[in-house]
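Visitor: Output the structure for:
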Amino acid sequence: MMKRVFLIVLDSFGIGAMEDAASYGDINVNTLRSVSSSPFFQMPHMEKLGLFQIDGVKENPMVQGSTGAGSGRQGEGHSGVIARMAERSRGKDTTIGHWEIAGIYSPRPLPTYPQGFPDEILEEFARKTGRGVLCNLPYSGTAVIQDYGEAHVKTGDLIVYTSADSVFQIAAHEEIVPPEKLYEYCRIAREILQGEHGVGRVIARPFIGSCAGQFTRTSRRHDFSILPPSVTMLDQLSGSGKDVIAVGKIQDIFAGKGITEYVYTGGNEEGIERTLEYLDRDFEGHCFVNLVDYDMLYGHRRDVDGYAKALTYFDGRLPEILGKMRREDILMITADHGCDPAYKASTDHTREYVPFLMYGPQIPPGNLGTRKTFADIGATVLHYFGIAPAFEGESMLISSGEDGAVTPP
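Guide: I've put the predicted structure just below:
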């Protein structure tokens with residue numbers, strides 16, 4: 001019997017403010033509520049799995065189901081296992097969210113730099129790269145290349161900027177700094193940014209164009225994450241001889257730790273295509289997928305309709321994914337944080353609960369209420385493979401019968 005678990009992270013698809021959201025500056029945020037108000041929002045297949053029956057969603061009359069009625073109250077039944085996941089860690093960024101899914105609890109948020117990076121960091125970076133630095137401020141990634149791109153082209157100095165996330169971003173024109181050279185500079189920054197300045201990610205942001213107003217970012221972005229500080233479900237799976245396949249930016253988020261195979265993607269559509277290809281392959285283990293467009297293209301840019309269209313597109317491809325599942329397969333769909341595209345107080349991520357939906361031919365539906373930590377997802381994956389988690393987290397499955405069938409507790 002060959003077991004496979006496919007875990008798809010809809011990056012930033014939050015479903016309502018956590019109780020401590022105000023302490024993060026997030027008031028009355030709800031990504032699902034915002035996107036469901038768009039005329040382009042249709043998620044009938046996620047609704048069938050149980051999305052609109054999750055705690056906090058079914059009680060919210062402002063959340064629109066796929067046919068436009070509030071809260072998805074078109075029917076009480078659903079075919080999947082559902083839960084609302086609370087983030088135990090301190091933070092609301094991609095790295096901490098994914099780490100907690102895989103079993104790492106982060107009691108402190110990763111460092112951020114709302115005033116820019118300290119001089120000693122930039123001086124060491126400039127000395128080791130042999131290039132000067134421009135900007136050093138929190139900035140929109142699309143705006144920073146328009147404002148500093150011409151100076152970069154003229155001088156060769158690197159555009160360094162950050163955001164509300166724990167990131168050190170380096171933008172450079174591909175004709176001035178070829179992408180491979182930019183990646184080398186990112187590795188230098190990654191070596192510098194450790195300890196108290198250990199940001200979650202150093203990100204290469206290549207761009208092209210002839211002048212301000214025409215500069216555009218390319219698809220050759222690359223993330224260099226800080227190494228996970230402790231054991232994860234990926235380590236345990238690969239250490240037990242299971243395949244651990246990373247699709248999208250999962251390889252970068254975990255700095256390759258515990259991953260046996262990976263493929264990068266250029267966006268959601270390619271991520272779904274690669275997932276479908278892995279569904280056709282024989283392997284024993286876990287396929288971990290990140291679909292980034294919701295966050296990168298629509299959440300941060302506060303594009304409600306774009307976000308809704310992207311979710312509708314995923315929902316439209318969901319039957320293909322379900323149609324390729326085998327008897328022993330499990331599909332999990334979740335998120336890593338929120339990024340409410342209607343929230344105007346900032347363009348940052350938002351501190352929200354995230355959905356959890358699980359489906360498998362052998363798994364009966366159930367509602368597991370609100371869970372205390374994302375790490376229950378990692379514990380569930382490990383339990384399915386008969387591995388005890390080396391971290392705090394409770395499985396959302398129990399074994400049932402000699403045939404290996406499982407059921408929600």
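
Visitor: Now do Gly323: how many residues are near it, please.
Guide: By other CB atoms under 10 Å, 9 other residues sit near Gly323. The way it works is simple: take the backbone N, C-alpha and C, and place the C-beta from them, glycine included.

Visitor: Can you tell me how far it is from His45?
Guide: Per CB to CB, to the nearest Å, Gly323 is found 11 Å from His45.

Visitor: try Glu120
Guide: As for Glu120, its distance to His45 is 52 Å (criterion: CB to CB).

Visitor: Can you find which helix in this protein contains the most residues?
Guide: helix 304-323 (DSSP state H).

Visitor: buried ones in that helix?
Guide: Residues of helix 304-323 classed as buried: 304, 306-315, 317-318, 321-322 (neighbour count, 16 or more other CB atoms under 10 Å).

Visitor: which one among the residues you listed gets closest to Glu277?
Guide: Closest to Glu277 out of those is Ile321 (11.4 Å), distances taken as CB to CB.

Visitor: show me the contacts for that closest one.
Guide: Contact partners of Ile321, counting by CB atoms under 8 Å, 6 or more residues apart in numbering, are Phe6, Ile272, Thr275, Leu276, Leu279, Leu331.

Visitor: For the third one, which residues are in contact?
Guide: Looking back up the chat, that one is Thr275. For Thr275, the contact set (CB under 8 Å, 6+ apart) comprises Phe6, Ile8, Val247, Cys287, Val289, Ile321.

Visitor: Assign a three-state SS to it, would you?
Guide: helix (DSSP: H, G, I helix; E, B strand; the rest coil).

Visitor: Tell me where the stretch 1-150 of the chain has helices.
Guide: With helices called from DSSP state H, counting those that start in this stretch, the stretch 1-150 of the chain shows them at 31-36, 44-49, 94-101, 119-129, 141-155.

Visitor: Take the ones you listed and write them to TSV, including distance to Met18, mean neighbour count and mean pLDDT.
Guide: Listed next are these as TSV, based on distance: least, CB to CB, whole Å; neighbours: other CB atoms under 10 Å; pLDDT from 0 to 100:
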stretch	distance to Met18	mean neighbour count	mean pLDDT
helix 31-36	12	28	98
helix 44-49	21	20	97
helix 94-101	12	28	96
helix 119-129	32	15	98
helix 141-155	27	18	97
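
Visitor: so which of these gets nearest Arg221?
Guide: Closest of those to Arg221 is helix 141-155, at 9.4 Å (criterion: CB to CB).

Visitor: my guess is Ala342 meets Asp303, correct?
Guide: No - the pair Ala342 and Asp303 fails to qualify as a contact (CB atoms under 8 Å) at a distance of 9.9 Å.

Visitor: sorry, back to before: need the buried ones from the contacts of Ile321 selected in PyMOL.
Guide: Under the burial definition 16+ other CB under 10 Å, those of the contacts of Ile321 that qualify are selected in PyMOL by:
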select buried, resi 6+272+275+279+331
